[in-house]
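Undergrad: below: sequence and its predicted model.
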Amino acid sequence: MPLPAHPDRLVLRRPDDWHLHLRDGPALAAVLPATAKTFGRAIVMPNLRPPVVTVGAAGAYRARILAALPPGARFEPLMTLYLTDHTAADEIARARASGFVVAAKVYPAGATTNSDSGVTSLDRAEPAIAAIEKHGLVLSLHGEVTDADVDIYDRERVFIDRSLARLVRDHPALRIVVEHITTREAAQFVEAAGANVAATITPQHLLWSRNAMLVGGVRPHLYCLPILKREAHRRALVAAATSGNPKFFLGTDSAPHARHAKEHACGCAGCYSAPLALELYAEAFEDAGALDRLEGFASLHGARFYGLAPHEERVTLVREPWTVPAEYAYGAETIVPLRAGETVRWRLAAG
Ligand code: DOR
Ligand code: ZN
């Protein structure tokens, strides 16, 4: 039966989060339950301090994540390696053999939080990238240039022109996820590329354009990288996410920072969405008249791209407006989620 335009309940296969920051220590313990409540698996980003550059470090981090899970939680962390200019092809072979590392992440050096050890040019990382292609790992890409003379709003578009197009051309079998796309150009590029190229889209880039962040005052909790763009781009992202095209899938980029680090003269980049991420995506899909496509985006397309089976288990969203807390505990500090103090129209039913 087709779904009514505004149903009261929505049953989906358990979704996965294909791009997530979990941090470490007390921060990890604070944010992990919110993700594990909703998502069955997540691709865990490696930009810790120090970054996760070896399979050994990824295995130790995975063990800390598993140890921090609430009792009874069924959640599988899928680990990533942080690529540097010096990542050896052997490390990629070991990653593949580990079974728990599924992707390697390229941060252009200086692009974002803890990216200082990232790659200074894709050419320098070529041995590792060739090994990723050969061994069938996924290359996860922060797609922005960092050149000082490129405007922050153009950094993704310029990355596509200068680097991504060539990377795709030179590595026809390389599976690439262009993470957290923010522009029409990125959506078009991914759509036009082969089936080996896909993209994740965050809830904030589907719901808000830069006006929401900047008009009437600066809202630091909407500041993330790549930065929110103009409305035409948001619409292009909504069109891509709701198109049913399996190249586009859910990746929250939930990126926790303590309140004081966000509300600061030089605030950190990152939106904290984990406690309400699926609910926010449901709003975006409902506003686009595409709730019937949410399951594909949230629960099927990413698994297919990563070569994993979707979950058999279901989750239920109910139309039950609730007020998002103004903040959550975050170790000894607090953290402000997206939509803090505001109403969200969907709620995940207790499972
Ligand atoms: O806004 C962001 N925050 N973008 C990133 O790429 C990294 C992330 C973080 O780790 O805080
Ligand atoms: Zn991220």
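TA: Sure, I can see it. Ligands and ions are numbered 1, 2, ... in the order given.
Undergrad: interface residues of the stretch 151-300 of the chain facing ligand 1?
TA: Residues of the stretch 151-300 of the chain lying near ligand 1 by C-beta under 6 Å from any ligand atom: C224, L225, A255, A269, G270. Quick note: C-beta positions are derived from backbone N, CA and C, even for glycine.
Undergrad: state which strand of the protein is the longest.
TA: The longest strand of the chain (DSSP state E) is strand 314-323.
Undergrad: please identify the buried residues of it?
TA: For strand 314-323, the neighbour count (16 or more other C-beta atoms under 10 Å) marks V315, L317 as buried.
Undergrad: so which elements touch that strand?
TA: Under the contact criterion of 3 or more C-beta pairs under 8 Å, 6 or more residues apart in numbering; DSSP states H and E, strand 314-323 touches strand 9-13, helix 277-287, strand 343-348.
Undergrad: quick one on the thing from earlier: return the member of the residues of the stretch 151-300 of the chain next to ligand 1 nearest to A193.
TA: Checking those against A193 with C-beta to C-beta, the nearest one is L225 at 22.8 Å.
Undergrad: show the contacting residues for that closest one.
TA: Neighbour list for L225: A111, T112, T113, E144, A269, G270 [criterion: C-beta atoms under 8 Å, 6 or more residues apart in numbering].
Undergrad: nearest to G217, of the residues of the stretch 151-300 of the chain next to ligand 1?
TA: Closest approach to G217 among those (C-beta to C-beta): C224, at 17.4 Å.
Undergrad: residues in contact with the residue lying closest to that closest one once chain neighbours are set aside?
TA: Distances taken as C-beta to C-beta, 6 or more residues apart in numbering put C271 closest to C224, at 4.7 Å, once the chain neighbours are dropped. Going by C-beta under 8 Å, 6+ apart, C271 touches T202, Q204, H221, L222, Y223, C224, D253, S254, A255, L338.
Undergrad: could you redo those residues as JSON lines and give each row secondary structure and distance to H19?
TA: Shown next, in JSON lines, are the contacts of C271 (DSSP: H, G, I helix; E, B strand; the rest coil; distance: C-beta to C-beta, whole Å):
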{"residue": "T202", "secondary structure": "coil", "distance to H19": "8"}
{"residue": "Q204", "secondary structure": "helix", "distance to H19": "12"}
{"residue": "H221", "secondary structure": "helix", "distance to H19": "19"}
{"residue": "L222", "secondary structure": "helix", "distance to H19": "18"}
{"residue": "Y223", "secondary structure": "coil", "distance to H19": "17"}
{"residue": "C224", "secondary structure": "coil", "distance to H19": "12"}
{"residue": "D253", "secondary structure": "coil", "distance to H19": "5"}
{"residue": "S254", "secondary structure": "strand", "distance to H19": "9"}
{"residue": "A255", "secondary structure": "coil", "distance to H19": "9"}
{"residue": "L338", "secondary structure": "coil", "distance to H19": "15"}
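Undergrad: make TSV out of these and add neighbour count and pLDDT.
TA: Listed next are these as TSV, based on neighbours: other C-beta atoms under 10 Å; pLDDT from 0 to 100:
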residue	neighbour count	pLDDT
T202	29	99
Q204	27	99
H221	21	98
L222	18	98
Y223	20	98
C224	26	98
D253	26	98
S254	29	98
A255	26	98
L338	25	98
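Undergrad: list the buried residues in stretch 25-40.
TA: Of all the residues in stretch 25-40, those buried under the rule 16+ other C-beta under 10 Å are 27-32, 34-40.
Undergrad: ok, Y330 to ligand 1 distance?
TA: According to C-beta to the nearest ligand atom, to the nearest Å, Y330 stands 13 Å off from ligand 1.
Undergrad: what about that residue, distance to A236?
TA: For Y330, the distance to A236 equals 34 Å [C-beta to C-beta, to the nearest Å].
Undergrad: check L122 too.
TA: 25 Å.
Undergrad: ok, residues contacting stretch 52-60?
TA: Contacts of stretch 52-60 (C-beta under 8 Å, 6+ apart): 46, 61, 79-82, 84, 87, 91, 94-95, 98, 100-101, 117.
Undergrad: give me the number of residues near N47?
TA: N47 has 22 neighbours, counted by other C-beta atoms under 10 Å.
Undergrad: should've said G244
TA: By the criterion of other C-beta under 10 Å, G244 has 12 neighbours.
Undergrad: return the residues in contact with the nearest residue to it once chain neighbours are set aside.
TA: In space, and not counting its chain neighbours, G244 is closest to R293: 5.2 Å by C-beta to C-beta, 6+ apart. Listed by C-beta under 8 Å, 6+ apart, the contact partners of R293 are T242, S243, G244, F285.
Undergrad: can you turn the buried part of those residues into a ChimeraX selection?
TA: With 16+ other C-beta under 10 Å as the criterion, this ChimeraX line picks the buried residues out of those:
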select :242,243,285
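Undergrad: from the contacts of R293, which is closest to R169?
TA: Here the nearest of the contacts of R293 to R169, counting by C-beta to C-beta, is S243; it sits at 24.6 Å.
Undergrad: the stretch 51-200 of the chain: strands as residue ranges?
TA: For the stretch 51-200 of the chain, applying DSSP state E, counting those that start in this stretch gives strands covering 76-82, 101-106, 138-141, 175-178, 197-201.
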